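Visitor: from the sequence below, what's the structure:
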Amino acid sequence: MNFFMSLKLFPLLFVLFSSSFSGAIVKVPENATIPAVMFFGDSVVDTGNNNYITTLVRANFLPYGKDFIAGQPTGRFSNGKVPPDLFVEELGIKPCLPPYLDPSLVDEDLLTGVNFASGGSGYDPLTSNTMSVFSLSDQLEMFEEYIIKLKKIAGDEKSSYILRESLFVVVSGSNDIWNSFFNNLRQFQYDVPSYTDLLVSHVSSFAQELYRLGARRIGIFSMPAIGCMPSQITLRRVGLERKCVTEYNEIAQLFNKKLLSALTSLNAQFPQANFVYLDFYDLPLDMISNPQKFGFKIVDKGCCGTGTFETSLFCTYACSNEDDYIFWDSFHPTEKAYRILIHQMLQENINYFICGKSLCS
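Guide: Below you'll find the predicted structure:
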């Protein structure tokens, strides 16, 4: 069988591999395929890799995962599904995205995508070292190992096809600001403008490494409104009022402006790829500012514990009305909030992934 005939058969093979799950919500442009999704980053998108290393940054215990499949905690930092799961669900690929380190992975999992993210990591290597988690460099090494496995399963040509047509998504940056800048050495080595420059340089380098390894559809989440996280409101609160920390949000906005510029440059430098800016700032901030519009009631506290500081090991009990909350714990949104965010994100950006513009001809 020649390569071109095998490519024609690949969509059929993909359907067979995905037969246990169907029903895409987001419409992919005509004649386009997305065989797999890969994620890299921090606890917003970790689906369980930290279960397999020695670190305090964990979520493989209840009440985490209480609304996940069968009510089982899996290492996801929320009550249910998180963005990688919702990406593959909305695209009709499979119900959830497994962590790469899961020992029960089978060939089908590798063909349709896995997750390399590690909770507590950041663009700055210091961030990951401080938290004893996988850095982005470590995640890239795992991805290189994944490619070797993929080639053994699918062969060189089909592996190249999968890498070229799949979505690659990176979510990071918040831990760098909280843990490495304000609570570590970086604030003595950099000011905010130069530190955000450093972070964006790491983003650019990582995206180019993905390109070197065969990725062509690469999305980067912007930094969220980190000043509106319940934990940060608690730390910087003045008096009894719980309001977003303007200084932190301004840092996120500065980073995002530089990130957008960097991705624009990468698109010009590598015209065979699409580097997509995925806005994770504006809609979450709109949800926080106008909760009733989205069906929420509580925006300044998480559902877990008191909702003011608890995350990871400190999250030992939870509320019973999690759908009223934007935040599950003091850092991470609920599945309900994620669903709203990811659906809109994919609706607005799927064409940019496929053809680099808002409308594909």
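
Visitor: can you give me the helices in the stretch 1-150 of the chain?
Guide: Applying DSSP state H, counting those that start in this stretch to the stretch 1-150 of the chain gives helices spanning 3-17, 83-90, 107-112, 125-131, 136-165.

Visitor: quick one: average pLDDT of the longest one?
Guide: What helix 136-165 shows for mean pLDDT is 98.

Visitor: where's it relative to the chain centroid, distance-wise?
Guide: From the chain centre to the centre of helix 136-165 is a distance of 19 Å (C-alpha atoms, centre = their mean, to the nearest Å).

Visitor: so which elements touch the helix or strand just after that helix?
Guide: For helix 136-165, the following helix or strand on the C-terminal side (DSSP states H and E) is strand 167-171. Here strand 167-171 touches strand 37-41, helix 83-90, helix 192-212, strand 217-221, going by 3 or more C-beta pairs under 8 Å, 6 or more residues apart in numbering; DSSP states H and E. Where C-beta positions appear, they are placed from N, C-alpha and C, glycine not excepted.

Visitor: who does the longest one touch, helix- and strand-wise?
Guide: With contacts defined as 3+ C-beta pairs under 8 Å, 6+ apart, the secondary structure elements packing on helix 192-212 are helix 136-165, strand 167-171, strand 217-221, helix 246-269.

Visitor: and if we set it to 10 Å?
Guide: If you count contacts as 3 or more C-beta pairs under 10 Å, 6 or more residues apart in numbering; DSSP states H and E, helix 192-212 packs onto strand 37-41, helix 136-165, strand 167-171, helix 186-189, strand 217-221, helix 246-269, strand 274-278.

Visitor: C-alpha coordinates for it, CSV please?
Guide: The C-alpha trace of helix 192-212 is given here as CSV (Å, rounded to 0.1, in the frame of the first residue of the first chain):
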residue,chain,number,x,y,z
VAL,A,192,7.9,43.1,35.7
PRO,A,193,8.6,44.2,32.1
SER,A,194,11.8,42.3,31.9
TYR,A,195,10.3,39.2,33.6
THR,A,196,7.4,39.1,31.2
ASP,A,197,9.9,39.4,28.4
LEU,A,198,11.7,36.4,29.8
LEU,A,199,8.5,34.4,30.0
VAL,A,200,7.5,35.2,26.4
SER,A,201,11.0,34.2,25.2
HIS,A,202,10.4,30.8,26.8
VAL,A,203,7.0,30.5,25.1
SER,A,204,8.6,31.3,21.7
SER,A,205,11.4,28.8,22.2
PHE,A,206,8.9,26.1,23.3
ALA,A,207,6.6,26.7,20.3
GLN,A,208,9.6,26.5,18.0
GLU,A,209,10.6,23.2,19.5
LEU,A,210,7.1,21.8,18.9
TYR,A,211,7.4,23.0,15.3
ARG,A,212,10.8,21.3,15.0
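
Visitor: buried sites along it?
Guide: For helix 192-212, the neighbour count (16 or more other C-beta atoms under 10 Å) marks 195-200, 202-204, 206-208, 210-211 as buried.

Visitor: same question, stretch 102-117
Guide: Along stretch 102-117, these residues count as buried under the neighbour rule (16+ other C-beta under 10 Å): 102, 109, 110, 111, 112, 113, 114, 115, 116, 117.

Visitor: thinking the second one is in contact with residue 98, fair?
Guide: Yes - applying C-beta atoms under 10 Å, one finds residue 109 in contact with residue 98, separated by 5.5 Å.

Visitor: my guess is residue 193 meets residue 199, correct?
Guide: No - counting by C-beta under 10 Å, residue 193 stays clear of residue 199, with 11.1 Å between them.

Visitor: between the two, what contacts are shared?
Guide: residue 258 (C-beta atoms under 10 Å, 6 or more residues apart in numbering).
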